[in-house]
Structure formats: structure tokens, C-alpha cells
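Engineer: Starting from these lines, generate the structure:
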Amino acid sequence: MSRPRRLGYLLKHANLRLGELTGPALEPYEIDGREFGVLSVLRTPEPLSQLDAAQRLGIDRTTMVALLDGLERKKLVGRRPHPGDRRKNMVELTEHGREVLEGATRAVEAAEERFLAALPGDDARLLRQLLDRLI
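Structural biologist: Now for the predicted structure:
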């Protein structure tokens, strides 16, 4: 009788496999998975502060600044001083950033579908729901 694999192992390797699909899917958009995450968080009606965006992603401020620097060089985001607190920067998608995010989102959704294709019926939806409950 084989022992069940540990949850950490399963989640790690599922994430690696998903990354093998999403990484190449994002290449035409010249962004990686972390940058896609930042762009996705910034898809809001109103600009976010750098700190708010970092907190939503669960990353530290230094990492967020580095990610935003790269995205700004690619002309995907813009920063400006906060109108009420000049110590803060507000971040928003540029028009080019919105276009890139739109295409990248479709590419990631297709990669996720390929990843989940081995699951029968509503199992893919159920997996998403269960993972969402856990986090």
C-alpha cells in the first residue's frame, strides 16, 4: 500500500507544472508571472498606492518597488504622487498596460484550462473553490 503524497509536495509540483504552462503563454507579452500578478492587482477603477498593491499581493515594499520599476520601464504602469500624501506613490496601468494585461489574461486562462484539462466534469471548478476556501 502506497502512502499518500504530502500536501506541500503536491501543491508545489502542481504550481511548478502550472508555471511551465503560464510562463511560455506570457512570453509574447514580455512579462512573467509575477509581473502579471502586479498588473492584475492594478486593474482597478481607481489607482492604488504602491503599499496597497504590495499588501494585496502579500509582498514587501522593496520587492514591489523593483517590480514596478520594471513595469514602468516597459511602459505598462505609471506612478504619480498621492494627492493627499506626497510620501506615497499612486500606481495605475497605462493604456499599453491595459492592452498587455487583456491579452495576457486570455493566454493565462488558456494555460489554466490546459492544466486543468485532466480533471473530469466539474472537478476543475471544485478545485478552485476548495483552494479559494483554504486561502
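Engineer: Quick check: end-to-end length of stretch 66-81?
Structural biologist: 17 Å (Cα to Cα, to the nearest Å).
Engineer: Apologies, that question was intended for stretch 40-50.
Structural biologist: 14 Å.
Engineer: Pull out the buried positions in it.
Structural biologist: 40, 41, 42, 47, 48, 49, 50 (16 or more other Cβ atoms under 10 Å). C-beta: built from backbone N, CA, C; applies to glycine.
Engineer: mind listing the helices for this structure?
Structural biologist: 7-26, 33-41, 50-57, 61-73, 95-116, 123-134 (DSSP state H).
Engineer: out of these, nearest to residue 86?
Structural biologist: Distance to residue 86, taken as Cβ to Cβ, is lowest for helix 50-57 among the helices of the chain, at 13.3 Å.
Engineer: Now do that closest one and helix 61-73, the angle between them.
Structural biologist: Here helix 50-57 runs at an angle of 110 degrees relative to helix 61-73 (axes from the mean of the first three to the mean of the last three Cα atoms, to 10 degrees).
Engineer: Pull the distance from helix 50-57 to the chain's centre.
Structural biologist: 12 Å (Cα atoms, centre = their mean, to the nearest Å).
Engineer: So for it, mean pLDDT?
Structural biologist: Across helix 50-57, pLDDT averages out at 94.
Engineer: returning to what we had before: using CSV, lay out the helices of the chain together with distance to residue 83.
Structural biologist: Shown next, in CSV, are the helices of the chain (distance: least, Cβ to Cβ, whole Å):
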stretch, distance to residue 83
helix 7-26, 33
helix 33-41, 21
helix 50-57, 15
helix 61-73, 19
helix 95-116, 21
helix 123-134, 35
